[in-house]
Structures are given as structure tokens and as C-alpha cells.
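Undergrad: Predicted model, plus sequence, below.
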Amino acid sequence: MSYSVYVQKFENGERAYASFRQVTSILERYGRLALLEDRGEFIPSGEDICDVGYLGGNEKTGTDGVGFDRPVSGVRLRALVFELLGVEGMCYFEQDVRYVLARSDVTATLPEGLLELCETGRCTVISSAEDIPL
């Protein structure tokens, strides 16, 4: 079993969609995308981000999130996640959901189950990539 981290958007406790173009333009600065109908695969340039990533959604509906399988702790992954958090409403959490991070307080938009798993019970607002514990 592999470990994963996620950057997703929620509204009213449900998955929501962010700008597909905005998310893909960020990802393409760190690797390449192989896009299918409603799912894309992110192949990082280099071995210092993750083994592989996944993108949900498409250009018409938008994207609800990005997942990174077997993330590699380091500067580039933190920078990539921080850039993705600049997309309105996006938040970051890891597979164990000990915490939820965002660049603005999105606590009210998160699913109740996600908040129950989070140690603080709310979103932690961060201001730099260094605030992401990767």
C-alpha cells in the first residue's frame, strides 16, 4: 500500500470544481500531464515530487482535486502544493488526515467527516510553502 497526499476543493461539505486550466498550468511547470476523459495522470519531471499524480475532472467541468502517490518530502513538492493552494478554495491533506491546510480558512466548506479526522477539527491557514510538513 502506498502513501498519498491530496489537494482538493470543497463547497458545502461536498467536492467542488476549480479552474481546470489554472490547475493544469501549475502542474505542467513540474511535469507533464496525460489527460483522458475525466481523469489525468501527472508525471513529475524528476524524482523529487512523487511517483505519480492524478487529476480529477476535465476542462469542461473543472477539477475537483489532485492526488500524489508516494510523495517525496522536499522543496519542490512543497512549492507545488503551495501553488495549488493558491487556486481559490483548494486545501491540502494527507492520507491520515491529521490536518487540513489552506491559504485561507476553508473550514466551513469541508466535509464533516474530514473535519472529524483532523486533529484540530478545522483548517490551518498557512502563508508559505515552508508551513507544509512534507
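TA: Good, I have the coordinates.

Undergrad: Where in the chain is the helix or strand with the lowest mean pLDDT?
TA: Every helix and strand of the chain was ranked by mean pLDDT, DSSP states H and E. The lowest is helix 112-117, at a mean of 91.

Undergrad: List the buried residues for that helix?
TA: 114-115 (16 or more other CB atoms under 10 Å). Heads up, the C-betas are built off the backbone N, CA and C, glycines and all.

Undergrad: Give the other helices and strands that the helix or strand just after that helix contacts.
TA: Once helix 112-117 ends, the next helix or strand along the chain (criterion: DSSP states H and E) is strand 123-125. Packing partners of strand 123-125 (3 or more CB pairs under 8 Å, 6 or more residues apart in numbering; DSSP states H and E): strand 100-102.

Undergrad: what does the strand it packs on rub up against?
TA: 85, 90-93, 106-107, 110, 114-115, 118, 122-126, 131-132 (CB atoms under 8 Å, 6 or more residues apart in numbering).

Undergrad: and what of stretch 114-125?
TA: By CB under 8 Å, 6+ apart, the list of residues contacting stretch 114-125 from outside reads 10, 91, 93, 96-107, 110.

Undergrad: right, and the pair among the residues you listed with maximum separation?
TA: Asp96 and Ser104 (23.3 Å; CB to CB).

Undergrad: Who has more neighbours out of those two?
TA: Ser104 (14 against 11; other CB atoms under 10 Å).

Undergrad: report the longest helix in the chain, please.
TA: When the chain is parsed with DSSP state H, its longest helix is helix 75-85.

Undergrad: quick one: that helix to chain centroid distance?
TA: 9 Å (CA atoms, centre = their mean, to the nearest Å).

Undergrad: next SSE after it?
TA: Counting by DSSP H and E, the next helix or strand C-terminal to helix 75-85 is strand 90-94.
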